[in-house]
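A.B. asks: Give the three-dimensional model of this entry:
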Amino acid sequence: MTTSREENHVITELRGRVGTITLNRPQALNALSLGMIRAITMALLEWRDNDQVLAVVVRGVNKEGPFGVFSAGGDIRFFHRAALNGNPELEDFFTEEYALNHLIHTYAKPYIALMDGVVMGGGMGISQGASLRIVTERSQLAMPETGIGLFPDVGGGYFLSRCAGRLGEYLALTGLVLGGRDAMAAGLADGFMDSGRLPGLWNSLAQTPFENGASVERWCASHLTTTPVPSVWPVAEVNRIFGLPTVPAIVAALAAAESDWARATLATLGKRSPLMLHVVLEQIRRARGMGLADDLRMERGLVRQCFHLRPGPASETVEGIRALAVDKDHQPRWNPARVEHVTPEQVNAFFESPWPAHAHPLRTLGG
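C.D. replies: Next comes the predicted model:
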């Protein structure tokens with residue numbers, strides 16, 4: 001018997017003994033709203049304590065039907081409106097989103113993410129903590145937040161800093177989009193399958209007599225190929241340049257290099273918020289020595305500072321979203337305008353917690 005419940009843009013179902021979550025907001029590429037975050041959290045908490053539910057599988061839909069888009073991230077237009085209007089739900093959004101990210105990373109049952117299509121920002125937040133991360137030939141993974149004056153949040157500091165060498169700094173600063181097999185090479189996906197086989201896998205969840213959660217995960221994993229592929233980025237050059245101590249040093253090294261990769265990377269960084277490039281480099285390096293909960297608490301403070309250190313339209317984040325998604329002129333007016341004009345004081349202010357430890361909104365997270 002299949003039971004279903006639809007809450008806003010999230011459909012939760014029991015298919016046999018597997019809890020399934022379908023992100024169902026295709027007109028917005030399944031961008032996460034506060035209501036969606038609450039619906040996902042509610043389902044996961046309910047299934048965690050239900051012995052009949054062995055595992056959880058999550059997918060997204062596109063305008064044509066199942067699969068094809070996972071999630072393009074958080075609802076940045078909502079961020080823009082809420083920041084300008086002083087809407088307190090902006091604070092609720094990030095607190096509850098980060099708590100959900102923590103829940104997924106620490107979930108007691110297998111949580112399997114079908115990362116077909118766009119998986120960016122908040123979409124990475126609800127998939128990188130999965131016990132099995134499945135990609136396809138259509139997958140596009142990225143943490144592109146420096147392009148909107150933000151930083152790779154939703155635990156991005158934690159999972160990017162765990163990439164090999166200095167790949168985390170490279171991905172965080174540039175927002176590079178990875179295909180499915182490239183994501184496997186980066187350690188951000190566990191296995192690959194052709195997208196045409198996803199409906200069959202999904203349908204089999206209700207029909208297979210699973211004994212326990214591990215058997216659900218083994219069944220899904222049996223459909224995958226895990227053959228490694230060579231990195232599309234020059235590993236030695238990434239480690240050398242993105243291991244340098246400062247953003248100006250990274251930029252200077254790219255400018256001095258003579259490879260096509262270096263020229264393309266330099267051009268990309270030239271479009272990003274100079275201030276947030278500095279903040280993100282510091283974020284990744286701090287996160288490398290942090291556990292998950294401490295990283296999420298740091299990021300919760302960072303995101304509040306993104307909207308409140310310079311309130312309203314003076315915020316780099318509000319300006320970045322305006323240029324990309326509101327006015328769509330793609331001409332953000334970054335302040336400061338150049339990486340060499342960013343001061344240590346401007347960067348350090350982002351890492352000063354807005355709350356004492358006993359009052360932090362994520363103070364109860366463990367691990």
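A.B. asks: secondary structure class for A113?
C.D. replies: Secondary structure, DSSP: H, G, I helix; E, B strand; the rest coil: A113 is strand.
A.B. asks: pretty sure it is touching G125, no?
C.D. replies: No: the criterion here is CB atoms under 8 Å, and A113 misses it with G125 at 10.8 Å. (Each C-beta comes from the backbone N, C-alpha and C, glycine too.)
A.B. asks: mind checking the longest strand of this structure?
C.D. replies: Determined from DSSP state E, the single longest strand within the chain is strand 55-62.
A.B. asks: what packs against it?
C.D. replies: Counting contacts by 3 or more CB pairs under 8 Å, 6 or more residues apart in numbering; DSSP states H and E, strand 55-62 is packed against strand 18-23, helix 34-48, strand 111-115, helix 198-207, helix 213-221.
A.B. asks: That one: what's the following helix or strand?
C.D. replies: strand 65-66 (DSSP states H and E).
A.B. asks: Buried residues, the helix or strand following that following strand. List them.
C.D. replies: Counting by DSSP H and E, the element after strand 65-66 in chain order, helix or strand, is helix 76-85. Neighbour counts over helix 76-85 (16 or more other CB atoms under 10 Å) mark I76, F78, F79, H80, A82, A83 as buried.
A.B. asks: Nearest approach to F93 belongs to which of the helices and strands packed on strand 55-62?
C.D. replies: Of all those, the one in closest proximity to F93, counting by CB to CB, is helix 34-48 (4.8 Å).
A.B. asks: can I have the closest one written out in PDB, keeping just the CAs?
C.D. replies: Extracted in PDB, the C-alpha atoms of helix 34-48 (Å, rounded to 0.1, in the frame of the first residue of the first chain):
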ATOM      1  CA  LEU A  34      10.900  27.500   4.000                       C
ATOM      2  CA  GLY A  35       7.800  25.400   3.600                       C
ATOM      3  CA  MET A  36       9.700  22.800   1.600                       C
ATOM      4  CA  ILE A  37      12.500  22.700   4.200                       C
ATOM      5  CA  ARG A  38       9.800  22.200   6.900                       C
ATOM      6  CA  ALA A  39       8.100  19.400   4.900                       C
ATOM      7  CA  ILE A  40      11.300  17.500   4.300                       C
ATOM      8  CA  THR A  41      12.300  17.800   8.000                       C
ATOM      9  CA  MET A  42       8.900  16.600   9.200                       C
ATOM     10  CA  ALA A  43       9.000  13.600   7.000                       C
ATOM     11  CA  LEU A  44      12.600  12.600   8.000                       C
ATOM     12  CA  LEU A  45      11.800  13.000  11.700                       C
ATOM     13  CA  GLU A  46       8.600  10.900  11.300                       C
ATOM     14  CA  TRP A  47      10.400   8.200   9.400                       C
ATOM     15  CA  ARG A  48      13.400   8.100  11.700                       C
END
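A.B. asks: buried ones in that helix?
C.D. replies: Applying 16+ other CB under 10 Å to helix 34-48 flags L34, M36, I37, R38, A39, I40, T41, A43, L44, W47 as buried.
A.B. asks: for that helix, the distance to its chain's centre please.
C.D. replies: With CA atoms, centre = their mean, to the nearest Å as the basis, helix 34-48 stands 18 Å off its chain's centre.
A.B. asks: who does it touch, helix- and strand-wise?
C.D. replies: With 3+ CB pairs under 8 Å, 6+ apart as the test, helix 34-48 has strand 3-7, strand 10-15, strand 18-23, strand 55-62, helix 89-105 packed against it.
A.B. asks: Same list (these) but as a markdown table, adding mean pLDDT and mean neighbour count.
C.D. replies: Output for these, formatted as a markdown table (pLDDT from 0 to 100; neighbours: other CB atoms under 10 Å):
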| stretch | mean pLDDT | mean neighbour count |
| --- | --- | --- |
| strand 3-7 | 46 | 12 |
| strand 10-15 | 96 | 20 |
| strand 18-23 | 98 | 24 |
| strand 55-62 | 98 | 24 |
| helix 89-105 | 97 | 21 |
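A.B. asks: what does the average pLDDT come to for stretch 248-265?
C.D. replies: Across stretch 248-265, pLDDT averages out at 97.
A.B. asks: For that stretch, list every residue counted as buried.
C.D. replies: Buried residues in stretch 248-265 (16+ other CB under 10 Å): P248, I250, V251, A252, A253, L254, A257, A262, T265.
A.B. asks: Cool, thanks, signing off.
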